[in-house]
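# quick one: sequence and predicted model below, then my questions.
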Amino acid sequence: MHAWPMHGLVLSTPTLTLRGLTEAGALALASVVPEDLDHDPRFPELTSAQKSLRSYWQAQGQWSAGDWVLQLAVVVDGEPVGLQALEGKDFAVRRTVDSYSWLVPSVRGKGVGKRMRAAVLELAFAHLGAEVAVSEAWEDNAASLGVSRSLGYRDNGLDIHRRDGGPGRMQRLLLERADWQAPEPVTVAGLEACLPLLGISPGPDQSAPAPAPPTAS
Ligand SMILES: CC(C)(COP(=O)(O)OP(=O)(O)OC[C@H]1O[C@@H](n2cnc3c(N)ncnc32)[C@H](O)[C@@H]1OP(=O)(O)O)[C@@H](O)C(=O)NCCC(=O)NCCS
């Protein structure tokens with residue numbers, strides 16, 4: 001029994017495990033976080049490791065059923081190699097998830113990024129009732145765009161954001177439930193206790209007595 005239920009959430013595929021990030025897990029990931037990530041530019045005094053820890057604490061501290069960021073540690077051969085996050089804003093109504101991720105450079109380009117995104121998409125579409133998944137990446141981030149396109153997302157317009165002091169083009173992508181097909185099986189454990197915190201009503205309580213039929217008057 002986990003006081004913070006997301007700590008008990010585990011997604012398993014034939015080759016990967018994604019574990020709800022704990023503080024110990026966040027500290028382990030901070031020791032391997034790469035330097036080439038786009039971090040929040042508001043904290044230039046923090047190192048990459050400190051920014052990744054801040055992001056973990058922020059996600060937990062600002063959690064609400066109406067606005068959550070589920071962070072999962074990506075484990076390959078028993079080693080933490082990256083982070084996969086799934087985000088839901090007003091999920092109960094919008095049924096839309098966003099995501100972000102990173103991997104240590106040594107495991108990139110081998111299909112891990114695609115499989116870890118697929119694992120959280122399967123969680124979203126098959127278990128949470130998502131209808132749409134969105135994503136965005138700088139238009140020169142071929143790996144991130146490659147993950148999205150190879151999983152069936154389609155281009156959904158451009159945004160212009162500040163990048164290194166100038167304008168940068170951000171490609172938006174969108175995947176609808178009808179176009180989703182998981183590339184490999186995903187087993188989900190520990191989800192039931194998380195549902196209320198994700199803004200999802202649990203199913204009807206089968207143990208509750210059926211309401212008495214109305215009496216004729
Ligand atoms: C983005 C990231 C998680 C992708 O993971 P990855 O393991 O490198 O990607 P994969 O090996 O699973 O590749 C997925 C697809 O993208 C393609 N791809 C990967 N890297 C590519 C590159 N540099 N150029 C072109 N295509 C690329 C692959 O060919 C594959 O497509 P396919 O299935 O049609 O063959 C990883 O590269 C990373 O950590 N990058 C730095 C952090 C980052 O940019 N995160 C995204 C922003 S939130």
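Right, received. Where do you want to start?
# could you report the distance from Ala92 to Gly199?
Separation of Ala92 from Gly199 (Cβ to Cβ, to the nearest Å) stands at 4 Å. The C-beta positions use only the backbone N, C-alpha and C, and glycine is treated the same way.
# okay, and the common contacts of those two?
Overlap of the contact sets of Ala92 and Gly199 (by Cβ atoms under 8 Å, 6 or more residues apart in numbering) consists of 65-66.
# which one's more surrounded, those two?
The neighbour count for Ala92 versus Gly199, taken as other Cβ atoms under 10 Å, is higher for Gly199 (19 against 13).
# thought that one was touching Gly66?
Yes: here Gly199 reaches Gly66: they are 6.0 Å apart, a contact under Cβ atoms under 8 Å.
# and Arg163, bridged to which residues?
Beta-bridge partners for Arg163, by DSSP bridges, are Gly166.
# oh, I was asking about Ser135
Leu173.
# the ligand contacts on this structure?
Neighbours of the ligand within the chain, by Cβ under 6 Å from any ligand atom: 37, 100-103, 108-114, 137, 141-144, 146-147, 150.
# what's the ChimeraX line that selects buried ones from these?
Burial among the residues of the chain next to the ligand is assessed by 16 or more other Cβ atoms under 10 Å; the matching ChimeraX selection reads:
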select :100,101,102,103,112,113,114,137,144,147
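# among the residues of the chain next to the ligand, name the ones in strands.
Judged by DSSP state E, strands contain the following of the residues of the chain next to the ligand: 100-103, 137.
# save these as JSON lines, and put in pLDDT too.
Formatted as JSON lines, those follow (pLDDT from 0 to 100):
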{"residue": "Tyr100", "pLDDT": "97"}
{"residue": "Ser101", "pLDDT": "98"}
{"residue": "Trp102", "pLDDT": "98"}
{"residue": "Leu103", "pLDDT": "98"}
{"residue": "Ala137", "pLDDT": "97"}
